[in-house]
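Student: Generate a structure from the sequence data that follows.
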Amino acid sequence: MLKEGDKAPDFNAKDQNGNDVKLAELKGQRVVLYFYPKDDTPGCTKEACSFRDADDVYKSKGIRVLGVSTDNEKSHQKFISKFQLPFDLLADTDKQIVEAYGVWGEKSMYGKKYMGTFRKTFLIDGDGKIVKIFEKVDVSAHADEVLAAFGEK
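Tutor: Numbers count the residues shown, from 1 in each chain. Reported below is the predicted structural model:
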């Protein structure tokens with residue numbers, strides 16, 4: 001289980017346009033790596049739109065926002081287009097990132113158990129170290145919580 005102070009697991013994933021995104025290549029940048037269950041669902045849309053609405057502040061502070069789900073690139077393209085999301089979404093279709101970050105596991109809805117992605121956010125500093133983990137996410141106010149945790153609010 002990852003904890004604050006740990007080195008963030010490196011990854012190489014495709015964004016919505018098929019471009020490679022490697023954490024190691026983002027060294028020197030602060031990164032918000034937020035995991036969410038599914039594109040274009042109510043909670044995930046609220047969370048994505050909270051980051052969208054704060055995008056100018058994030059960019060001005062040099063903070064890179066990356067969303068991660070197990071949806072494919074085409075699904076991400078539709079989600080981005082529908083809600084004008086200005087940041088990249090990573091397609092973790094092989095579940096390597098969700099497993100490395102410990103956010104893939106058994107969930108339950110209406111008494112039915114299934115495997116899925118837990119909503120969790122990792123703040124990573126310019127040295128690749130995890131500085132904050134949000135275990136519980138308020139989807140409406142999350143972008144502001146993240147900025148405050150980076151000391152930017």
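Student: List the buried residues for the strand or helix carrying residue 14?
Tutor: Using DSSP states H and E, residue 14 maps to strand 12-15. Across strand 12-15, burial judged by 16 or more other Cβ atoms under 10 Å covers 13, 14, 15. The C-beta positions use only the backbone N, C-alpha and C, and glycine is treated the same way.
Student: For residue 53, state which of those is nearest.
Tutor: Taking Cβ to Cβ as the measure, residue 53 lies nearest residue 15 of the buried residues of strand 12-15, at 20.8 Å.
Student: and the closest one, bridged to which residues?
Tutor: In this entry, residue 15 is beta-bridged to residue 90, by DSSP bridges.
Student: which residues in the chain form strands?
Tutor: Under the criterion DSSP state E, strands of the chain are mapped to 12-15, 20-22, 30-35, 63-69, 88-91, 104-109, 112-117, 120-124, 130-134.
Student: which other residues reach the longest one?
Tutor: Which is strand 63-69. Applying Cβ atoms under 8 Å, 6 or more residues apart in numbering, the contact partners of strand 63-69 are 13, 21, 26, 29-39, 44, 48, 51, 55, 58, 76, 85, 87-92, 97-98, 117, 147, 150, 152.
Student: Between strand 112-117 and it, find me the angle.
Tutor: Here strand 63-69 runs at an angle of 140 degrees relative to strand 112-117 (axes from the mean of the first three to the mean of the last three Cα atoms, to 10 degrees).
Student: most distant residue from the middle of this protein?
Tutor: Note on the chain: the largest C-alpha distance from the chain mean falls to residue 111, namely 27.0 Å (Cα atoms, centre = their mean).
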